[in-house]
Each structure stands twice: as structure tokens, then as C-alpha cells.
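Chemist: Quick one: sequence and predicted model below, then my questions.
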Amino acid sequence: MHIHVIHENAAWLEPLARALDKERLAWRQWFLDRGVFDLSSAPPEGVFYNRMSASSHTRDHRYAAELTASVLAWLARHGRRIVNGPRALDLEISKARQMAALEAAGIATPKTVLVAGKDMLIDAVHQYFSGNSLILKPNRGGKGLGVRLFHTAAALASYVEGADYEPPVDGLHLLQQYIRAPVIGPKGPLITRAEFIGGRFLYAVEVDTSEGFELCPADQCAIEDAFCPAGPEDNGAPRAKFTIVDDIEPRLKQRYEAFLAANDIEVAGIEFIRDAAGRVYTYDVNTNTNYNPEAEARAGRSAMTALARFLGAELARVPERRAAAE
């Protein structure tokens with residue numbers, strides 16, 4: 001039996017491949033951009049880890065997410081062990097559905113307005129965000145792509161009518177309340193990304209947002225390199241964009257773990273921001289999570305090793321699960 005890794009990005013697979021090989025685990029990749037699947041037959045045994053990304057369309061894999069949804073349904077029909085199953089994928093590819101699920105779990109989110117129709121954006125801004133800064137983002141995004149901050153409706157209108165406008169792949173925009181994080185000491189405005197493996201908190205990453213919103217922590221996402229200097233620290237050294245911290249507030253962690261369990265998500269990064277008054281707002285759930293190698297090296301951590309070991313433990317349990325099902 002094997003661990004089957006479902007994905008569409010070879011660069012993002014490399015760190016996990018090294019970790020799986022280091023743990024001497026039997027695994028295969030399922031590159032789900034295209035393919036032929038006999039739905040009348042049974043899929044292979046093993047553990048299926050879904051790493052399909054909301055940003056797959058930006059790599060010319062326009063229908064990879066839709067294909068993965070069908071394959072996951074086939075796997076689920078035959079009782080295969082899936083890590084991050086159909087519900088996880090559903091939330092990965094829709095920020096609007098993420099917001100609804102987070103709110104249902106009692107987790108505070110920024111004020112969010114769903115807009116279907118480019119021509120309706122400006123009227124929606126005037127109706128719901130008059131005089132306030134706001135974030136425009138695509139409903140299906142990934143890596144922070146297409147996320148833009150506007151301080152006025154006129155600035156947003158100029159962007160929407162300009163050559164730089166990027167239409168969302170599913171036709172749906174989100175207008176979202178801009179939460180301004182305070183600048184504390186040498187740190188710029190921060191968001192925090194809490195990482196979970198096996199549905200349990202592993203560590204968190206503080207991300208300096210001084211340079212914008214493309215926040216994928218993987219080294220392949222960095223504009224220049226993974227360290228991504230964001231300005232000098234007090235000693236004159238460059239300040240890292242990504243910094244690992246060991247814990248978050250216990251009640252928040254408990255709520256996140258309950259949310260993941262309720263939505264069949266086992267591997268995820270959940271992003272939140274704290275405003276100047278200390279209120280926490282959660283605004284993104286990433287079920288195809290990557291890890292920053294430079295930040296991990298500084299902290300002496302390896303999330304990919306933890307992930308490989310989790311998948312290996314689940315693979316070892318497959319015969320037991322199969323016997324119980326019979």
C-alpha cells in the first residue's frame with residue numbers, strides 16, 4: 001500500500017517528497033491536471049492526501065480542482081482513507097464558503113460582501129464600505145494572489161477599469177473589511193498563520209505584510225528568495241518576513257481545532273489578524289499548506305517531517321480500518 005499525494009504543483013511537492021523518502025515511506029504522486037478514471041472499478045488501497053490548490057488555475061491547470069472533487073468523491077464512495085477530503089477541497093476553493101463555515105463555528109471574521117459582477121463592485125463599496133479602506137480579493141485565490149488594498153472607492157474604480165484588473169476565475173469577488181494591524185517595535189504590520197497537522201496545532205508563523213499580500217510561505221512563492229527581507233532590525237540585519245512562534249492563545253487554538261474537526265480538515269494553515277484593540281479576526285483557511293524553510297531552519301522545526309510521520313502512521317492503520325469496516 002502507498003500514500004497517494006494528490007497535487008498539481010511539482011515545485012510544492014519537492015519538500016514533502018524529501019520528507020516521505022527520509023521516513024522510508026511508500027508513496028506515489030497523483031498529478032491531477034488531467035487523466036482517465038474508471039469510476040466503476042475500485043481505487044487502490046492506501047492513504048490519499050489531497051494537496052489540490054485554489055491557485056491551480058494560475059499554473060494553467062484550470063480544471064484541476066474540479067477533477068479532484070470528482071476523484072475524491074470516487075475515493076470516498078469506496079471508503080478510502082482521505083486526508084483533507086471533499087469538504088476540505090470545497091473550502092479551499094471558495095473564500096465565501098470559508099467565511100460561512102468559520103462564522104458557523106463561532107470564529108470572528110472581517111465584514112465580507114460577495115459580489116458577482118464586475119459592474120456591481122463600486123455600488124457595493126458605496127453601500128457597505130463608504131469612507132472605509134477595504135480589501136478586494138477573488139473568491140478562489142491562493143498565495144495571496146489578486147488581493148489588493150484600496151483606501152477609496154475611486155481608487156478601486158480606477159483599478160477595475162484599468163489594464164491591471166485581474167478577473168476572478170469563478171467570476172466572484174469579495175469585498176472585505178480592512179483590519180489594520182498595529183506596528184510593534186521593529187516589526188511591521190503582522191498577520192499570523194497557525195499550522196495544523198492531524199487536526200492539531202503544530203506552530204504558528206508571524207508574517208510581516210509591509211510588502212503586500214502575496215503571503216505563500218513556500219520558497220517557490222517568494223519574489224526573490226525565501227528570506228524576503230522586509231526592513232532592518234535594531235541590529236541592522238534584515239528582518240525576516242516569516243518568523244515561527246511556538247504557540248497562540250489557547251482558546252483560539254481550541255476553536256480552530258474544533259472548526260477543522262467539524263469540516264473534515266486535518267492539514268491546514270489558518271490566517272488571522274489582531275487589530276489595535278486586540279480583537280482577532282480570522283480571514284483565510286489554507287488546506288494546501290506550505291512551510292517556509294528559512295523560518296523553520298531558524299526555529300529548528302520541520303512541519304514536512306511531522307506531516308510525513310502523520311501520513312505514515314495513517315498508512316499503518318489502513319489494515320485495521322479495513323478490517324473494522326468489514
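Modeler: Looks like it came in fine.
Chemist: distance between the ends of stretch 180-195?
Modeler: Taking C-alpha to C-alpha, to the nearest Å, the first and last residues of stretch 180-195 lie 22 Å apart.
Chemist: give the contact list for Ala54.
Modeler: 65, 92-93, 140-142, 288 (C-beta atoms under 8 Å, 6 or more residues apart in numbering). Where C-beta positions appear, they are placed from N, C-alpha and C, glycine not excepted.
Chemist: before we move on, what about His2?
Modeler: Per C-beta under 8 Å, 6+ apart, neighbours of His2: 26-28, 44, 46-47, 315.
Chemist: 10 Å instead?
Modeler: 25-29, 44-48, 315 (C-beta atoms under 10 Å, 6 or more residues apart in numbering).
Chemist: Would you convert the contacts of Ala54 into a markdown table that also reports pLDDT, distance to Ala258 and secondary structure?
Modeler: Shown next, in a markdown table, are these (pLDDT from 0 to 100; distance: C-beta to C-beta, whole Å; DSSP: H, G, I helix; E, B strand; the rest coil):
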| residue | pLDDT | distance to Ala258 | secondary structure |
| --- | --- | --- | --- |
| Ala65 | 96 | 26 | helix |
| Glu92 | 95 | 19 | helix |
| Ile93 | 95 | 23 | coil |
| Arg140 | 93 | 26 | coil |
| Gly141 | 80 | 25 | coil |
| Gly142 | 67 | 25 | coil |
| Asn288 | 87 | 21 | coil |
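Chemist: Could you identify which of these has the most neighbours?
Modeler: Glu92 (28 neighbours; other C-beta atoms under 10 Å).
Chemist: How about that one, nearest residue that isn't a chain neighbour?
Modeler: Thr287 (4.4 Å; C-beta to C-beta, 6 or more residues apart in numbering).
Chemist: same question, Val125
Modeler: Once flanking residues are discounted, Val125 sits nearest to Ala153: 4.5 Å by C-beta to C-beta, 6+ apart.
Chemist: From the contact counts, what lies against the strand or helix carrying Ala157?
Modeler: Element membership of Ala157 [criterion: DSSP states H and E] is helix 153-160. Secondary-structure packing of helix 153-160 (3 or more C-beta pairs under 10 Å, 6 or more residues apart in numbering; DSSP states H and E): helix 121-128, strand 134-138, strand 148-150.
Chemist: Understood, closing this out.
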